[in-house]
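Asker: sequence unknown, structure follows:
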């Protein structure tokens, strides 16, 4: 890597990379939006141009992604969110994960001979959380009406957008199932029984009508005030005509799922009526002068912080970027942190998670001694922090978990919002008739073991993989970022952060750099398979490095050159008031926009 000793901090932050980057670093003084699809970023930027703040823009972008990336996220899914409020110098977490239905008990599943909750169909549906979370954010921290943030989104759904290769591939991969089993999905995504061509306009009329019903409910309640009108829109989804159609579809239809059986859903009207998003305190740790924040242990987010605590004890830059020693060290730290995730993490409303211990520097120092610089661990080694661990499952083929998207938004008042929407994938559950979106399948995250920290008493949130990060420097906003990727999110986004902080790459270089991950620990998704000792490298990492890692005992496999993750990020420089945006070119459509 080229030495950065002669480069100014502004040069490092803003642009002028030492080599090729796939995107420019976007710079602006008024606002910035990044997301998994350039049209969603444009919609968010337009909200900023119309006078909205970062929350307004983030909500609009999030709704747009549910239209543009239905194979990665839908409004029947989930969305953990972090928000930084500059005036209060405070970071907030929004709980965007819906709980298990009341009927989803361990006894119910065991009584039907189900040992693993399936990863598809209707049975794995939790309470849809994304819509309420977006409206909650808009109501509490935004300035606009739902009609304003949904205007361009409704147009996208009603009049369509050009088909692109990532979505086309997802439809093609699932076309047989859509046609044979899920006619409501086939009607929308296989018009005339065919996969739409690249550039062909994809229309989602029922989804547009669902959004219009929400706007109409808001209109009817406008005289009561903005917040009351937003609540009326939310009530339509969770208590009105939309809720009735959603629950009826789940209870009156049964579809074949990965259990090998036909199953209905467990959602009831009371499950929807009793749900509401809420503000929670995030968790954090310090790293080289930064305070880094994540959502709590109802997500996997704290593993990011545990990895930082472990790696803080090393001079990473001296090891060399993506050298065998560096990759080995980061992978071994991930194994230790994710072992703790598997043993201890769960919904803190139901489980006593020993975060005080897990996030302490003393605990990290003790765990750090387990890392052998010359040999890869093949064990799942959780620390002795208090609770019993799960049973590891091996020799299962991994089911496709769908995927995820990510967005960031920031404004001139330095409100920043990173969010990681996911779930409600068209590949995992059929479209609800008349509504135009599927339910999520996050219930598959649970273990049906009552001694496990992540088990499903009614009302408990499954431990989600969704995990937006946010970092402050000297108490002021510095960086919001994130990536799709299931269990790998807190490995790929960690490498982005280390690329930027330890190796002084600008944020586009950091997003472009080749990455790696391990699947050493049980997957969060059905059927919870593990691949001990595995290490997957992007193809741009050299053969000599691969050989050195094999010599240390890693089971090295090679991915494509640009195949892992899709980091987007916004950096704020308090010294000059500039915002910098970046988006990985992986998966084709991500972009940052600002002005």
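Answerer: Nice, I can see it. Quantities reported herein were computed from a predicted structural model and do not represent experimental measurements.
Asker: Helices of the stretch 151-300 of the chain, residue ranges please.
Answerer: 165-180, 183-189, 205-220, 226-239, 241-252, 269-273 (DSSP state H, counting those that start in this stretch).
Asker: Need these in CSV (columns: mean pLDDT).
Answerer: Putting the helices of the stretch 151-300 of the chain into CSV (pLDDT from 0 to 100) gives the following:
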stretch, mean pLDDT
helix 165-180, 98
helix 183-189, 98
helix 205-220, 98
helix 226-239, 98
helix 241-252, 98
helix 269-273, 97
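Asker: So which of the ones you listed is nearest residue 54?
Answerer: helix 226-239 (17.5 Å; Cβ to Cβ). Placement of C-beta: from N, CA and C, glycine included.
Asker: Just checking the distance from that closest one to the centre of its chain.
Answerer: Mean C-alpha position of helix 226-239 versus that of the full chain (Cα atoms, centre = their mean, to the nearest Å) differs by 25 Å.
Asker: Check stretch 99-108 too.
Answerer: So, by Cα atoms, centre = their mean, the centroid of stretch 99-108 is 24 Å from its chain's centroid.
Asker: Which positions in it come out as buried?
Answerer: For stretch 99-108, a neighbour-count test (16 or more other Cβ atoms under 10 Å) marks 99, 100, 101, 104, 105, 106 as buried.
Asker: The second one - that's part of a helix, no?
Answerer: Right, residue 100. No. Looking at residue 100 with DSSP: H, G, I helix; E, B strand; the rest coil, it is coil, so not inside a helix.
Asker: mind listing what it touches?
Answerer: 126, 443, 446, 456, 457, 458, 459, 460, 461, 462 (Cβ atoms under 8 Å, 6 or more residues apart in numbering).
Asker: What does the pLDDT read for it?
Answerer: Listed pLDDT for residue 100 reads 97.
Asker: And for the closest residue to it other than its chain neighbours, the neighbour number?
Answerer: Nearest in space to residue 100, with sequence neighbours left out and distances taken as Cβ to Cβ, 6 or more residues apart in numbering, is residue 456 at 4.5 Å. By other Cβ atoms under 10 Å, the residues close to residue 456 number 27.
Asker: same deal with the one 3 residues further on?
Answerer: Other residues lying near residue 459 total 17 when counted by other Cβ under 10 Å.
Asker: same deal with residue 91?
Answerer: Using other Cβ under 10 Å, residue 91 is surrounded by 20 other residues.
Asker: now swap in residue 137 and tell me
Answerer: Residue 137 has 25 neighbours, counted by other Cβ under 10 Å.
Asker: Now do the same contact list for the residue nearest to residue 100.
Answerer: Contacts of residue 456 by Cβ under 8 Å, 6+ apart are 100, 104, 105, 106, 117, 443, 446, 448, 462.
Asker: what about residue 110, neighbour count?
Answerer: Using other Cβ under 10 Å, the number of residues around residue 110 comes to 12.
Asker: Then residue 472?
Answerer: Neighbour count of residue 472, defined by other Cβ under 10 Å: 21.
Asker: same thing with residue 563?
Answerer: 14.
Asker: Could you measure from the closest residue to it other than its chain neighbours over to residue 562?
Answerer: Distances taken as Cβ to Cβ, 6+ apart place residue 538 nearest to residue 563, at 6.3 Å, with adjacent residues excluded. According to Cβ to Cβ, to the nearest Å, residue 538 stands 7 Å off from residue 562.
Asker: Specify the beta-bridge partners of the residue nearest to residue 578 when sequence neighbours are not counted.
Answerer: Of all residues not flanking residue 578 in the chain, residue 27 sits nearest, at 5.8 Å (Cβ to Cβ, 6+ apart). On the basis of DSSP bridges, residue 27 is bridged to residue 580.
Asker: Residue 27 against residue 577, yeah?
Answerer: No. Residue 27 is beyond contact range of residue 577, at 10.9 Å (criterion: Cβ atoms under 8 Å).
Asker: If you count contacts, what does the one helix or strand residue 147 maps to end up packed against?
Answerer: Assigned by DSSP states H and E, residue 147 belongs to helix 146-159. Contact analysis of helix 146-159 by 3 or more Cβ pairs under 8 Å, 6 or more residues apart in numbering; DSSP states H and E lists helix 38-49, helix 54-68, helix 130-141, helix 205-220, helix 226-239 as its packing neighbours.
Asker: Tabulate those helices (JSON lines), appending distance to residue 110.
Answerer: Below are the helices and strands packed on helix 146-159 laid out as JSON lines (distance: least, Cβ to Cβ, whole Å):
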{"stretch": "helix 38-49", "distance to residue 110": "42"}
{"stretch": "helix 54-68", "distance to residue 110": "35"}
{"stretch": "helix 130-141", "distance to residue 110": "30"}
{"stretch": "helix 205-220", "distance to residue 110": "36"}
{"stretch": "helix 226-239", "distance to residue 110": "30"}
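Asker: can you tell which of those is closest to residue 475?
Answerer: helix 54-68 (18.6 Å).
Asker: isn't residue 593 right up against residue 31?
Answerer: No. Residue 593 lies out of contact with residue 31 (Cβ under 8 Å); the separation is 9.1 Å.
Asker: So which of those two has more stuff around it?
Answerer: The neighbour comparison of residue 593 against residue 31 (other Cβ under 10 Å) goes to residue 31, with 26 against 22.
Asker: Highest mean neighbour count across the helices and strands packed on helix 146-159, which stretch is it?
Answerer: helix 54-68 (a mean of 30; mean count of other Cβ atoms under 10 Å).
Asker: Could you pick out the longest helix of the chain?
Answerer: Ranked by residue count under DSSP state H, the longest helix found in the chain is helix 324-344.
Asker: Return the list of helices and strands in contact with that helix.
Answerer: Against helix 324-344 (3+ Cβ pairs under 8 Å, 6+ apart) you get helix 302-311, helix 316-319, helix 489-501, strand 516-517, strand 534-537, helix 543-551.
Asker: Going toward the C-terminus from it, what's the next helix or strand?
Answerer: By DSSP H and E, the next helix or strand past helix 324-344 is helix 355-358.
Asker: neighbouring contacts of that next one?
Answerer: Contacts with helix 355-358, where a contact means Cβ under 8 Å, 6+ apart, come from 283, 296, 297, 302, 306, 340, 344, 363, 383, 385, 386.
Asker: mind listing what's buried in whichever helix or strand comes after it?
Answerer: Downstream of helix 355-358, the next assigned helix or strand under DSSP H and E is helix 361-368. Judged by neighbour count (16+ other Cβ under 10 Å), helix 361-368 contains these buried residues: 363, 364, 367, 368.
Asker: Report the residue spans of the stretch 451-595 of the chain with pLDDT below the cut-off.
Answerer: Low-confidence regions of the stretch 451-595 of the chain, defined here as pLDDT under 70, do not occur.
Asker: And the strands in it?
Answerer: Under the criterion DSSP state E, counting those that start in this stretch, strands of the stretch 451-595 of the chain are mapped to 470-473, 476-482, 516-517, 534-537, 555-558, 568-573, 578-583, 591-594.
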